[in-house]
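A.B. asks: here is my input, please return the structure:
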Amino acid sequence: MRYPADQKARARDALLSAGARTLKTRGFNGVGVDGLAAAAGMTSGAFYSNFPNKEALLEAVIDAGLGEPLLTDTNSTTRAQGRARLISFVTDYLSTDHSIDPAEGCVMPALSADVSRAEPRVKDAYQRKMTALVDRIAELLDGDEPDRQRRAWSIVALMVGSILISRGMPERGESRIRPIESASSTVATLIDPEAHDIDEVGRGP
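C.D. replies: Numbers count the residues shown, from 1 in each chain. Predicted structure coming up:
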């Protein structure tokens, strides 16, 4: 039987997509290879033909998802457009929708703890993408380079930390919203010292 030339690539993409959602909701130790394969509608044999083990999938998930869509945004041709994309990225990130939906959310609050226990190559992928994200944010801020880097790292830490804390709170009630709102206000001032909230940053030049 002949198979389409891109079948292996499509199978890998399906495993990566389904695997990312499953890992973000169940954690690295909460699911095995059989479960990851089943989530993509495949067999464990299909999994192993694309990834040698679970850690290889985790590495691929980190490489594909961390910092997206900001890192691969190709529509920002000017600094002003890039700044607008940053505001959109932050606004979407610091939201209750993101808090309640880990499967479709960022890999950082969902998988950073798993990465901390992973093999060096997974940590290398994490460091590479994290550094690229911070550099991307820093280049869109005003000020000198050391200060922009410091603020960029603070922005990422606030974004990730607030979502992680929010998810630990009861699903209904103000306690789940407060860390996100507080982080949003602080991130706004880190982007633009004159702003009081992220909407004011979006109205800036």
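A.B. asks: list the contacts for Met159?
C.D. replies: 90, 93-94, 108, 183, 187 (CB atoms under 8 Å, 6 or more residues apart in numbering). To be clear about C-beta, it is placed using only N, CA and C from the backbone, and glycine gets the same treatment.
A.B. asks: tell me which helix or strand comes right after the helix or strand it falls within.
C.D. replies: Using DSSP states H and E, Met159 sits within helix 145-168. Next in sequence after helix 145-168, counting helices and strands by DSSP H and E, comes helix 174-191.
A.B. asks: among the contacts of Met159, which one sits closest to Thr43?
C.D. replies: Among the contacts of Met159, Met108 lies closest to Thr43 (CB to CB), at 30.7 Å.
A.B. asks: could you count how many residues lie near that closest one?
C.D. replies: Using other CB atoms under 10 Å, Met108 has 24 neighbouring residues.
A.B. asks: just say helix, strand or coil for it.
C.D. replies: Per DSSP: H, G, I helix; E, B strand; the rest coil, the secondary structure class of Met108 is helix.
A.B. asks: and the residue nearest to it when sequence neighbours are not counted, what does it touch?
C.D. replies: Spatially, and ignoring its direct neighbours in sequence, Met108 is nearest to Val160 (4.5 Å; CB to CB, 6 or more residues apart in numbering). Going by CB under 8 Å, 6+ apart, Val160 touches 106, 108-109, 112.
A.B. asks: rewinding a little: and the contacts of Met159 as CSV, adding distance to Thr72 and pLDDT?
C.D. replies: Shown next, in CSV, are the contacts of Met159 (distance: CB to CB, whole Å; pLDDT from 0 to 100):
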residue, distance to Thr72, pLDDT
Val90, 17, 96
Tyr93, 16, 97
Leu94, 21, 97
Met108, 16, 97
Ala183, 24, 96
Val187, 21, 97
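A.B. asks: low-confidence ranges, the chain, go.
C.D. replies: 1-5, 75-76, 196, 202-205 (pLDDT under 70).
A.B. asks: any idea how far Leu141 is from the spatially most central residue of it?
C.D. replies: Taking CA atoms, centre = their mean, the centroid of the chain lies closest to Cys106, which sits 3.0 Å from it. Using CB to CB, to the nearest Å, Cys106 is found at 20 Å from Leu141.
A.B. asks: perfect, that will be all.
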